[in-house]
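1. Have a look at this fold, sequence not included:
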């Protein structure tokens, strides 16, 4: 069976103020069965050539899985004609991953905290919370359809 | 990734999560637990000794599973969470909702 994923890795043409970067880009269809493979591919490329602790690898895998699931199910509403773009910017000290969907976007400040006692046994609502706790910084674009997650390597 | 099922000699249904527990396979785990409940199993252990990572959908599935087992009058234990996996339960306060043992042996002994 042919994989539907197309992974393209390229090194940025010139170093900038933050030092030389490698870009890893991946485009995947809005199909949750692709998430595990996409996470493995992006994680492998993000950590290649760097010593990574088990915890950094784990955190990267979890937040990628979360962000892709959010993009596919909430952003693109599972529409098979819509895509999710992953753009990972790899630097010596940090990894900056953007995950962008083709949905209308959402207001991240309106997402409630899932750890209040009355919400603790709810089945959903922990994705964004986990991302915020597992990476060093999270940003969204103005539209709210693109998340940027920054993870320091050490 | 997948799940394996065994039955302990004391009669506990043991489900092992091999690989990831994420949005793509959480329903399969829920279905396996429901099938076990339908067979009359009331003591269940889910072991994560061979698990890579869990996402929030996987955690949510465990919450749903816990409710179903409780409603059926059964008991659920979790085991084998490494430091990283356990941190997910602690961050989300789910460590207060589940009975978590370090090893499957300890979990089985606690029923």
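-> Yep, that arrived. Bear in mind the structure is a predicted one, so any value in this text is a computation, not a measurement. Numbers count the residues shown, from 1 in each chain, chains lettered A, B, ... in the order given.
2. Point out the residues in chain A that sit beside chain B.
-> When proximity is defined as Cβ under 8 Å from any Cβ of the partner chain, chain A approaches chain B at A:32-33, A:35-36, A:54-55, A:58-59, A:61-62, A:65-66, A:69, A:73, A:114-115, A:120-127, A:129-130, A:133-134. For the C-beta atoms, the positions are set from N, CA and C on the backbone; glycine is no exception.
3. Just the pLDDT for the residue positioned nearest the centre of chain A.
-> Most central residue of chain A, judged by C-alpha distance to the mean C-alpha position with Cα atoms, centre = their mean, is residue A:64 at 3.8 Å. At residue A:64 the predicted local distance difference test score is 97.
4. From residue B:75, how far out is the closest residue to it other than its chain neighbours?
-> Ranked by Cβ to Cβ, 6 or more residues apart in numbering or on different chains and with sequence neighbours excluded, the top spatial neighbour of residue A:64 is residue A:39, at 4.6 Å. Using Cβ to Cβ, to the nearest Å, residue A:39 is found at 33 Å from residue B:75.
5. out of these two, which sits in the more crowded spot?
-> Comparing residue A:39 with residue B:75 by other Cβ atoms under 10 Å in any protein chain shown, the one with more neighbours is residue A:39, at 25 against 16.
6. how about that one, secondary structure?
-> For residue A:39, the reduced secondary structure class is helix; criterion used: DSSP: H, G, I helix; E, B strand; the rest coil.
7. what's the neighbour count on residue 53?
-> Unless you meant another one, I'm taking chain A. The criterion is other Cβ under 10 Å. On that basis, residue A:53 has 12 neighbouring residues.
8. try chain B instead
-> What residue B:53 shows, counting by other Cβ under 10 Å, is a neighbour count of 24.
9. swap in the one 5 residues further on?
-> Number of residues near residue B:58 (other Cβ under 10 Å) recorded here: 24.
10. Name the nearest residue to it, sequence neighbours excluded.
-> Taking Cβ to Cβ, 6+ apart as the measure, residue B:58 lies nearest to residue B:21, with 3.5 Å between them; neighbours along the chain are not counted.
11. got the contact list for residue B:88?
-> With contacts taken as Cβ atoms under 8 Å, 6 or more residues apart in numbering or on different chains, residue B:88 has the following neighbours: A:62, A:130, B:54, B:59, B:94.
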